[in-house]
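Engineer: would you be able to build a 3D model of this:
(one chain, ligands or ions: 1)
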Amino acid sequence: KQSRLDAVISLAKRRGFVFPSGDIYGGTRSAWDYGPLGAELKENIKRQWWDHFVRGRADMVGLDSSVILPTRVWEASGHVATFTDPLVESLHTHKRYRADHLIEAYTAKHGHPPVNGLADVNDPETGEPGAWTEPQQFSGLMKTYLGPVDNEAGLHYLRPETAQGIFINFAHVVQAARRRPPFGIGQIGKAFRNEITPGNFIFRTREFEQMEIEYFVRPEDADAAFRQWVEDAWAWFLDLGLHEENLRRYDVPEDDRAHYSAGTIDVEYRFGFEGNPWGELMGIANRTDYDLRSHTEASGEDLSYFDQRSGERYIPYVIEPSFGLTRSLMAFLVDAYDEEEVPNAKGGTDRRTVLHLDPRLAPVKVAVLPLSRNERLSPMARELADRLRRHWNVQFDDAGAIGRRYRRQDEIGTPFAITVDFDSLDDHAVTVRERDSMQQQRIPLDEVEGQLAQHLIG
Ligand code: ATP
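Structural biologist: Numbering: from 1, shown residues only. Coordinates of the predicted model:
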């Protein structure tokens, strides 16, 4: 039987949320493209995030920095030296794996880490007792060459996180936006990592999107701000509909933290992977003054903050809530997915697939469905659809039986479907069906916009 996660992935491809990239050339198996519905869903998540965390807060501003930064940025940040993963090769299949992932998978399966390290870990492909090469450090940075010659002078890195673009603009923002700690800078954008084992659908890709906040505080306020950001990030996911039982926090032990972190809490989501169903959705880290200090030393520009009120000069600490946009999209899809038995018109039951997406996230907000393809109903329905399209993403569908059309909308999470029928021609009213309850309500045509607006905030 196909797993719930497989069902979601298959729906995502079939209905145009996510396509395998390069499919007509056999696919890459590691990159994905966002189709018409996926592009809408992704935009809606970004917009919710930005409205909530950036525009919605007096202590936040936004930024949009470059993907390719001077190489010195990545030297100063420590990425060139330490953004590496231990890699081993199977002596059976010559496939390469991240040693830490093999250990993690073993620990999840057996409930304890392997006593003899990798020697206890079987080859994932052959199942034979593992025989591995010595781990070698492998850089996760994605390289490119700028200018006419591919040499060291032209070597640049694509950013593996959006954060550094924020740190190097810290002094500009403080000045231009007249900010003083505590305050934060938010940014949404692509990040690139040369992942050895991309996979699990869009969970781990080499090209992905992040939504990051760098929140600058006085050093003595860092712990409290850290705890508060864990709560705020958690609450955002719940507010947008994730079920709390599918979320958990993981306090990352010192050994496993990134080089800059004095404390990290990962928010994990129950994606439903085989083996260990849980995966990191986002992380909140206390980056201390590591980044601003490193860039001060490397650039010679003083990135400390002078507090005129107290007369103190200090390097702010940074609390970083780092959200994966594409992982969030996957979590919202998995969480919203449901297969239900519902009563049908004949007194029996039908099975329906439905995405219970929050209306703010739903890619299509309203479907307009003339009861049948008819020269009198269709123009009226089209006119209504055009009117609603000024506010929302609307689908017009007049193909096939009405029940089938409802199912098609349920499957992509459309919160409202409006049916225009023959009575509409006389009473100038339409039937509005709500996705989750499937309740239908007769509403005068000229009240449709207002009624929908009440339920479709955002
Ligand atoms: P992992 O342990 O899964 O590789 P990480 O701990 O390296 O992740 P961070 O460096 O904390 O991840 O990155 C912050 C966030 O960016 C992650 O929580 C995740 O949501 C997202 N992210 C990181 N790497 C990827 C990737 N390869 N594909 C998609 N999203 C990613």
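
Engineer: quick one: the helices in the stretch 1-150 of the chain?
Structural biologist: 4-14, 36-49, 71-76, 79-82, 99-110 (DSSP state H, counting those that start in this stretch).

Engineer: nearest to residue 371, out of the ones you listed?
Structural biologist: The stretch from these with the least distance to residue 371 (CB to CB) is helix 36-49; that distance is 24.8 Å. For the C-beta atoms, the positions are set from N, CA and C on the backbone; glycine is no exception.

Engineer: any stretches of the stretch 51-200 of the chain with poor pLDDT?
Structural biologist: The model of the stretch 51-200 of the chain has no residue with pLDDT under 70.

Engineer: and with 80 instead?
Structural biologist: Within the stretch 51-200 of the chain, the segments meeting pLDDT under 80 span 130.

Engineer: mind listing what residue 21 touches?
Structural biologist: Taking CB atoms under 8 Å, 6 or more residues apart in numbering as the criterion, residue 21 is in contact with 27-28, 31-33.

Engineer: check contacts around the residue lying closest to it once chain neighbours are set aside.
Structural biologist: Distances taken as CB to CB, 6 or more residues apart in numbering put residue 31 closest to residue 21, at 3.8 Å, once the chain neighbours are dropped. Counting by CB under 8 Å, 6+ apart, residue 31 touches 20-22, 198, 205-207.

Engineer: ok, now with 7 Å
Structural biologist: Residues near residue 31 by CB atoms under 7 Å, 6 or more residues apart in numbering: 21-22, 205-207.

Engineer: separation between residue 231 and residue 238?
Structural biologist: For residue 231, the distance to residue 238 equals 11 Å [CB to CB, to the nearest Å].

Engineer: what's the answer for residue 309, then?
Structural biologist: 37 Å.

Engineer: same check on residue 439?
Structural biologist: Counting by CB to CB, the gap from residue 439 to residue 238 is 25 Å.

Engineer: just residue 304 next, same as before
Structural biologist: Where residue 238 is concerned, residue 304 sits at a distance of 37 Å (CB to CB).

Engineer: who's more crowded, these two?
Structural biologist: residue 304 (14 against 11; other CB atoms under 10 Å).

Engineer: what does the stretch 251-400 of the chain put close to the ligand?
Structural biologist: Residues of the stretch 251-400 of the chain lying close to the ligand by CB under 6 Å from any ligand atom are 280-283, 322, 324, 326-327.

Engineer: determine which two of the residues you listed are furthest apart.
Structural biologist: The widest separation within those (CB to CB) is 14.8 Å, between 283 and 326.

Engineer: sorry, back to before: quick one, which of the helices of the stretch 1-150 of the chain gets closest to the ligand.
Structural biologist: helix 99-110 (8.3 Å; CB to the nearest ligand atom).

Engineer: now that closest one: buried residues?
Structural biologist: Of the residues in helix 99-110, 99, 102-103, 105-106 count as buried by neighbour count, 16 or more other CB atoms under 10 Å.

Engineer: equivalent analysis for stretch 215-230, please.
Structural biologist: In stretch 215-230, residues buried by neighbour count (16+ other CB under 10 Å) are 215-218, 221-222, 225-226, 229-230.

Engineer: next one: stretch 142-150
Structural biologist: Buried residues in stretch 142-150 (16+ other CB under 10 Å): residue 142.

Engineer: one more: stretch 379-391?
Structural biologist: Quick answer for stretch 379-391 (16+ other CB under 10 Å): 380-381, 384-385, 388.

Engineer: now that stretch: how far from the chain's centre is it?
Structural biologist: 32 Å (CA atoms, centre = their mean, to the nearest Å).

Engineer: quick check: residues of the stretch 101-250 of the chain near the ligand?
Structural biologist: Checking the stretch 101-250 of the chain against the ligand by CB under 6 Å from any ligand atom, the hits are 193, 195, 204-205, 208, 210.

Engineer: one more time with 5 Å
Structural biologist: Residues of the stretch 101-250 of the chain found near the ligand (CB under 5 Å from any ligand atom) are 195, 204-205, 208.

Engineer: and the two most separated of these?
Structural biologist: 195 and 208 (9.2 Å).

Engineer: so which of the two has more stuff around it?
Structural biologist: residue 208 (20 against 17).

Engineer: whichever residue of the chain sits closest to the ligand and residue 76: what is the separation?
Structural biologist: Proximity of the chain to the ligand (CB to the nearest ligand atom) peaks at residue 324, 2.0 Å away. Distance of residue 324 to residue 76, given as CB to CB: 25 Å.

Engineer: ok, now residue 48?
Structural biologist: For residue 48, the distance to residue 76 - CB to CB - is 33 Å.

Engineer: so in the protein, which helix runs the longest?
Structural biologist: Criterion DSSP state H: the longest helix present in the chain is helix 222-239.

Engineer: what helices or strands is that one leaning on?
Structural biologist: strand 207-217, strand 264-270, strand 278-288, strand 317-324 (3 or more CB pairs under 7 Å, 6 or more residues apart in numbering; DSSP states H and E).

Engineer: so the third one versus helix 222-239, what angle?
Structural biologist: Translated: strand 278-288. Computed by axes from the mean of the first three to the mean of the last three CA atoms, to 10 degrees, the angle separating strand 278-288 from helix 222-239 equals 150 degrees.

Engineer: from the chain's centre, how far out does strand 278-288 sit?
Structural biologist: Centre to centre, stretch against its chain (CA atoms, centre = their mean), the figure for strand 278-288 is 13 Å.
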